[in-house]
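Visitor: Got a sequence here, can you build the structure:
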Amino acid sequence: MTLDPTDEFAPRHIGPSREQTAEMLEVVGARSLDVLIDEALPVSIRLKEPLDLPAAESESQYLNRLKTIARNNRVLKSFIGLGYYDTLIPSVIRRCLFENPSWYSPYTPYQAEIAQGRLESL
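Guide: Now for the predicted structure:
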């Protein structure tokens, strides 16, 4: 038994089938994906020529390149969280800042990450 190569992303991409794409186009009332793009994307903001991109890498080529880049990282000590424990925080501060979901809820105009909210509150 042989296994299919898994080094390329495109064959493993799970996207809509032709039937699903046709059904979606029918729901939105477009004859094709090209027509849908023409209706949705103004010509004034489109590129006139294709992007100048390098040839695609295989997954293993990309991982090897990423490992080479990662070897340049320096491993340092992390002091994240030090000093936050064993600290008396007044209840009004804890409730209004640390427990306030508006600091970390994606449904607010604030940064969606709780860490950013905590940094802002501190």
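Visitor: Okay, now the unreliable bits of this protein?
Guide: Residues of the chain meeting the criterion pLDDT under 70: 1-12, 79-87, 101-122.
Visitor: Could you list the domains of the chain?
Guide: Per automatic domain parsing, the structural domains of the chain span 7-48, 78-122.
Visitor: Strands of this structure, start to end?
Guide: Here the chain has no strands by DSSP state E.
Visitor: now the helices: where do they sit in it?
Guide: 18-28, 33-40, 59-70, 91-93, 114-121 (DSSP state H).
Visitor: With just CA atoms, put the second one into PDB.
Guide: As requested, C-alpha coordinates have been extracted for helix 33-40 and formatted as PDB (Å, rounded to 0.1, in the frame of the first residue of the first chain):
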ATOM      1  CA  LEU A  33     -17.300  33.300  -9.300                       C
ATOM      2  CA  ASP A  34     -15.900  35.800 -11.800                       C
ATOM      3  CA  VAL A  35     -19.300  37.500 -12.100                       C
ATOM      4  CA  LEU A  36     -19.500  37.600  -8.300                       C
ATOM      5  CA  ILE A  37     -16.100  39.200  -8.000                       C
ATOM      6  CA  ASP A  38     -16.900  41.700 -10.700                       C
ATOM      7  CA  GLU A  39     -20.100  42.700  -8.800                       C
ATOM      8  CA  ALA A  40     -18.400  42.800  -5.400                       C
END
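Visitor: Give the other helices and strands that that helix contacts.
Guide: Applying 3 or more CB pairs under 8 Å, 6 or more residues apart in numbering; DSSP states H and E, we find helix 33-40 packed against helix 18-28. The way it works is simple: take the backbone N, C-alpha and C, and place the C-beta from them, glycine included.
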